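*Asks:* have a look at this prediction, sequence included:
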Amino acid sequence: MIEVVPDIAFKKALRRSSNASLNECIQCGTCSVVCSLAPDERPFPRKEMIWAAWGMRDKLLANPDVWLCHQCGDCTTYCPRGVKPADVLSSVRLLSYRHYVRPMFLGTMVNNPAWLPVALLFPVIIIAAILLLAGTLTIPEGPVNYSAFFPHAWLNGSFTFITLLTYGVASIGFVKFWNDLKAAFPGSNPQVGFWKSLWQVKGELLLHSKFGECTAQRSRKVAHLLVFYGFVLLLLVTAYAIVAAVTHNYPLTLFNPFKVLGNVAALMLTIGLSIMIINRLTDPGTYGNSNYSDWLLLLSFLLLTISGIVVQFARLQDWGSAYYLYFFHLVCVWFVIIYLPGSKFVHLIYRTLALAFANSIGRR
């Protein structure tokens, strides 16, 4: 006999986040039948819905099936009771990375609107402190030169250090998540190793192929691909910019291939994020319930992208407000970088781990 000990606090948090009436699920199984992504054996999301109704927190947090779901919305579309299974699984994912985030205060800072002023003030203080140490906490005279305001050595050194520190600590949560997945399937011996399994799901990760199997939200695939590859390209351009600054080949000219690539990436991000925002505003019934974490991610990425475009032209046009805009852009950059392990964007890592694990045990 299995004893069920409900976690009422978890259930309440899940209900608030998903805005779904968990107790109204009648276990008809329609959601699992219409889902084209669910495995044939023990398909989702039917079992997850009963676990959610019973407040079975541990069963849900260490469940790879939650991450096999791509929130297509097909299950919600056909649910006869309007219980919104897609939103429930999305909320489970939210509570999952909040549970695993390290350091834990990042999850609180990013997912609780009451902490937004503190979350914004934190990168402002860090950047101001670095400028003070560098002795450049003043507006330089003459033509706009961002390196005179924030020297490259200080910028690149501090940026690299904080990034490595943040993700080094966050990796503790990633390892714990992987170990919990294995503990939840004690009888399932891996058929392939981690790296081989990761290689086998590369197409699904790089092409977002599973989105193509959905019918309710076809534009989500385009939007996700634009944001994903736009972000990857910006990381590539940032890495090159750091090298260029060290070799004194900076700032880049407007027609430098990497500068062009950066602007293309910014355009991709702007279009992809705009599609996501418009879909959520105009058709929430199809595209799902949007909570604070969703909007914080979308708007912070959009502000980061737009401010990056603006500061580029502010330098070229020698605007008097260029340094203030640049400071704002740096706050946006550091806000995204510092809090990314606790934001919704980190689902990219957890989904990758879950897909690799599911593939390794033959759960496809």
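*Replies:* Looks like it arrived, so ask away.

*Asks:* domains in the protein, by residue range?
*Replies:* With domains defined by automatic domain parsing, the chain comprises 8-100, 105-360.

*Asks:* any chance of JSON lines for those domains, columns mean neighbour count?
*Replies:* C-beta here means a position set from N, CA and C on the backbone, and glycine is covered the same way. Formatted as JSON lines, these follow (neighbours: other C-beta atoms under 10 Å):
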{"stretch": "domain 8-100", "mean neighbour count": "20"}
{"stretch": "domain 105-360", "mean neighbour count": "17"}
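
*Asks:* what stretches of this structure score poorly on pLDDT?
*Replies:* Scanning the chain for pLDDT under 70 picks out 1-3, 212-218.

*Asks:* mind naming the longest helix for it?
*Replies:* Across the chain, the helix with the greatest residue count (assigned by DSSP state H) is helix 152-184.

*Asks:* mind giving me the packing neighbours of it?
*Replies:* helix 85-100, helix 116-134, helix 219-246, helix 322-339, helix 347-360 (3 or more C-beta pairs under 8 Å, 6 or more residues apart in numbering; DSSP states H and E).

*Asks:* one more time with 6 Å, if that's ok
*Replies:* helix 85-100, helix 116-134, helix 219-246 (3 or more C-beta pairs under 6 Å, 6 or more residues apart in numbering; DSSP states H and E).

*Asks:* okay, the second one in CSV with CA atoms only?
*Replies:* Only the C-alpha atoms of helix 116-134 are listed here, as CSV (Å, rounded to 0.1, in the frame of the first residue of the first chain):
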residue,chain,number,x,y,z
LEU,A,116,11.7,43.3,-8.1
PRO,A,117,13.0,46.6,-6.7
VAL,A,118,15.8,44.7,-4.9
ALA,A,119,16.5,42.6,-7.9
LEU,A,120,16.9,45.7,-10.1
LEU,A,121,19.0,47.6,-7.4
PHE,A,122,21.5,44.7,-7.1
PRO,A,123,23.1,45.0,-10.5
VAL,A,124,23.0,48.8,-10.3
ILE,A,125,25.1,48.6,-7.1
ILE,A,126,27.5,46.1,-8.5
ILE,A,127,28.1,48.1,-11.7
ALA,A,128,28.4,51.4,-9.8
ALA,A,129,30.9,49.7,-7.3
ILE,A,130,33.1,48.5,-10.2
LEU,A,131,33.1,51.9,-11.8
LEU,A,132,34.0,53.4,-8.5
LEU,A,133,36.9,51.0,-8.1
ALA,A,134,38.0,51.7,-11.7
